[in-house]
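**Q** here is a sequence together with a model predicted from it:
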Amino acid sequence: MMEKEILLAAEHLTFRYCEQSKRPVLENISLELPKGSVTLLTGDSGCGKSTLASILAGLLPKNGGFLQSGTVTIRGENILEMPENKRVRHLSIMFQNCDLQFCMKTLREELRFCLENIAADPACMDARAWEAACQTGMDAFLDRPLHSLSGGEKQKAALSCILALDAACLILDEPFANLDPASAEEIILLLKKLHRDKTLTILAIDHHWPRWEGLADRIVRLEENNSISLLSQPRHTDFVPERKKDILCEAPHTLNTGKPAFILEQVTLYADNRRKSSCADVPLLSGASAAFPTGGITAILGKSGAGKTTLFEAMLGLRQYEGNILFQGKEVRSYKKKELFTNAGIVFQNPMNQFVTQGALDEILFSLKRTGKKAPPRQLEENALSLLEQFQLKNARNRSPFMLSQGQQRRLAVLSMLAGGQQILLLDEPTYGQDDRSCEAIMDLLGELVRKQNLTVILSTHDEEMACRRAHQIYRLENGKLTPIRISIESEVVSA
């Protein structure tokens, strides 16, 4: 049997972000990608998957860190010495955080910018941009500002850009982290078609293996001890927990109280942040009414771009709206920001938007001090370290939040908000980009605080199985309507 041609090869990579760090992020790592193969790379959050992807793409160590040993070649050429405009013809990467990837204002401009960088024929640019946007279903968003897109829409936009470059090898870092299941399935079908038609070589980083069945040739796992193990096909499900299908399964426990933290009364929202809009505009949310009880978990489901993040912004007075939003019985518009944010907090979909210090431990200490509770500095630090340990972040305590993996950043953002002492938290996709262990740790701590401290949690998610197991209330935001799927008896009485 003829051996497959190796398209991309990494040999004996050892990499540190800081030259003086005791332990390298990657040590003696080797990986080969045969031409036309689809490889799924998995591993615990923070084990170095995104770092490996950036080295394979030629972005590191050129843009940071120290490659102490090893080589990366594509078609036999050293990719680390290859000019960018040549490299991207061979290989394109899609970042886990798409905001770090965009340079222009709109998707149309971004696509043209990508094509200009490879000296594409100007006469063909518009056609190539249109084709790439159509492939991902983003043709209707070509002239929308990129910053106004939802997390899922940004991921599709980023995928459009790398498809437009027509590279032979794609590296996709958590390509479905912000996508709803239906959109993820559409992208999988697109990748299958492109792989079949163009013999693409694909390396994908993903925690959720089942959706890759029928596409991935192999699964490799990056371990925390810096070893790479090849998982044979029969073991694909060994690390995948059984998922429940019934969205209406039993709620986790009885609510402590049915008093509403938030009440929505005929709320209407528009994408462009106007309180009033022309009759031609379609609202993201139209005439929605709901009650979110104190001391419980409410989950909001919905497709990418449905308006979940926009709703959260309105609930905290960060966006204009029609109708009324009552927070603890008082209209949100009447609150001063300081008063509102003393009692309610939000974890943004992009965790980097909320970090204020240069260390993970300092981030937690900042939140603990902000509560106003008096404690000796040593006691505060012990409390902060204990919290970091719960989320598997103790070893990262001295690292900059901006240098953590996105999964670690997400856990740190949730933890810093929990440490801040607010009794009501809005969490925008708190579990995306997490391995199963980290996801369960986040939800376990939230559930414990709900039971013991009467914490109120309102979260958005694409993970219906998790919502089913963990939430007392579930709504679906779709086509401008906020539809109840599971409602607590207490809230029904309050909102009647």
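**A** Ah, there it is. Numbers count the residues shown, from 1 in each chain.

**Q** so S30 sits in a helix?
**A** No. Membership of S30 in a helix is not supported by DSSP: H, G, I helix; E, B strand; the rest coil, which gives strand.

**Q** on the strand side of things, show who the residue nearest to it when sequence neighbours are not counted bridges to.
**A** In this structure, S30 finds its nearest non-sequential neighbour in E11, 5.1 Å apart by C-beta to C-beta, 6 or more residues apart in numbering. No exception for glycine: its C-beta is placed from N, CA and C like everyone else's. The partner list for E11 in beta bridges (DSSP bridges) reads T71.

**Q** since we're on E11, how many residues are nearby?
**A** As a burial measure, E11 scores 14 neighbours (other C-beta atoms under 10 Å).

**Q** which residues does it contact?
**A** Counting by C-beta atoms under 8 Å, 6 or more residues apart in numbering, E11 makes contact with S30, G70, T71, V72.

**Q** where's the closest residue to P351 other than its chain neighbours, which helix or strand?
**A** Leaving aside its sequence neighbours, P351 sits nearest to A413 (C-beta to C-beta, 6+ apart; 3.7 Å). Applying DSSP states H and E as the criterion places A413 in helix 406-419.

**Q** I'd like to know which elements that helix is packed against.
**A** strand 344-347, helix 360-370, helix 377-390, strand 424-428, helix 436-453 (3 or more C-beta pairs under 8 Å, 6 or more residues apart in numbering; DSSP states H and E).

**Q** pLDDT on that helix, on average?
**A** Computed over helix 406-419, the mean pLDDT rounds to 87.

**Q** so how far is that helix from its chain's centroid?
**A** Taking C-alpha atoms, centre = their mean, to the nearest Å, one finds helix 406-419 lying 12 Å from the centre of the chain it belongs to.

**Q** can I have the buried ones of the contacts of E11 as a ChimeraX selection?
**A** To isolate the buried members of the contacts of E11 in ChimeraX, using 16 or more other C-beta atoms under 10 Å:
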select :70,72
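
**Q** okay if I get the contacts of E11 as TSV plus pLDDT and distance to R437?
**A** Shown next, in TSV, are these (pLDDT from 0 to 100; distance: C-beta to C-beta, whole Å):
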residue	pLDDT	distance to R437
S30	94	26
G70	95	29
T71	95	33
V72	96	30
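
**Q** point out where the stretch 301-450 of the chain drops to low pLDDT.
**A** Within the stretch 301-450 of the chain, no stretch falls below the threshold (pLDDT under 70).

**Q** rewinding a little: and the residue nearest to S30, how close does it get to G76?
**A** Going from E11 to G76 by C-beta to C-beta, to the nearest Å gives 12 Å.

**Q** cool, L52 as well?
**A** Applying C-beta to C-beta, the value for L52 to G76 is 20 Å.

**Q** before we move on, back to that, strand 424-428 and the helix holding A413, what's the angle between them?
**A** Angle, helix 406-419 to strand 424-428, by axes from the mean of the first three to the mean of the last three C-alpha atoms, to 10 degrees: 170 degrees.

**Q** what are the buried residues along helix 406-419?
**A** Buried residues in helix 406-419, defined by neighbour count with 16+ other C-beta under 10 Å: 406-419.

**Q** likewise stretch 470-487?
**A** Buried residues in stretch 470-487, counted by 16+ other C-beta under 10 Å: 470-477, 480, 482, 485-487.

**Q** repeat for stretch 284-298
**A** 284-286, 288, 290-298.

**Q** span of that stretch from start to end?
**A** Stretch 284-298 has an end-to-end distance of 20 Å (C-alpha to C-alpha, to the nearest Å).

**Q** pLDDT on that stretch, on average?
**A** Averaged across stretch 284-298, pLDDT comes to 93.

**Q** mind listing the helices in the protein by residue range?
**A** All helices of the chain, identified by DSSP state H, fall at 49-56, 84-90, 107-117, 122-135, 151-164, 181-198, 308-315, 337-343, 360-370, 377-390, 406-419, 436-453, 464-470, 489-495.

**Q** ok now the first one, how far from the chain's centre?
**A** The reference is to helix 49-56. Distance of helix 49-56 from its chain centroid, counting by C-alpha atoms, centre = their mean, is 17 Å.

**Q** how much space between Q320 and A314?
**A** 8 Å.

**Q** neighbour-wise, which of those two wins?
**A** Each of Q320 and A314 has its neighbours counted (other C-beta under 10 Å); A314 has more, 24 against 16.

**Q** count the neighbours of V267 for me.
**A** The burial count for V267: 22, using other C-beta under 10 Å.

**Q** now do it against T71, distance only.
**A** From V267 to T71 the distance is 57 Å (C-beta to C-beta).

**Q** hang on, the earlier thing: contact partners for the residue nearest to P351?
**A** Residues near A413 by C-beta under 8 Å, 6+ apart: V347, F348, P351, Q354, F355.

**Q** and what of A168?
**A** So A168 contacts L7, K35, H90, L91, L200, T201 (C-beta under 8 Å, 6+ apart).

**Q** same check on V38?
**A** L191, H195, T201, I202, A204, W212, L215, A216, D217.

**Q** where's it relative to L455, distance?
**A** According to C-beta to C-beta, V38 and L455 sit 42 Å apart.

**Q** can you check T294 too?
**A** From T294 to L455 the distance is 9 Å (C-beta to C-beta).

**Q** got any residues that touch both of these two?
**A** Q423, I424.

**Q** can you put the helices of the chain in JSON lines and add distance to L170?
**A** Shown next, in JSON lines, are the helices of the chain (distance: least, C-beta to C-beta, whole Å):
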{"stretch": "helix 49-56", "distance to L170": "11"}
{"stretch": "helix 84-90", "distance to L170": "11"}
{"stretch": "helix 107-117", "distance to L170": "14"}
{"stretch": "helix 122-135", "distance to L170": "13"}
{"stretch": "helix 151-164", "distance to L170": "6"}
{"stretch": "helix 181-198", "distance to L170": "8"}
{"stretch": "helix 308-315", "distance to L170": "27"}
{"stretch": "helix 337-343", "distance to L170": "41"}
{"stretch": "helix 360-370", "distance to L170": "32"}
{"stretch": "helix 377-390", "distance to L170": "35"}
{"stretch": "helix 406-419", "distance to L170": "19"}
{"stretch": "helix 436-453", "distance to L170": "25"}
{"stretch": "helix 464-470", "distance to L170": "28"}
{"stretch": "helix 489-495", "distance to L170": "46"}
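
**Q** which one of the ones you listed lies closest to R23?
**A** Using C-beta to C-beta as the measure, helix 49-56 is the one of those that comes nearest R23, at 13.0 Å.

**Q** show me what the closest one is packed against.
**A** strand 6-16, strand 26-34, strand 38-42, strand 66-74, strand 91-94, strand 169-173, strand 201-205.
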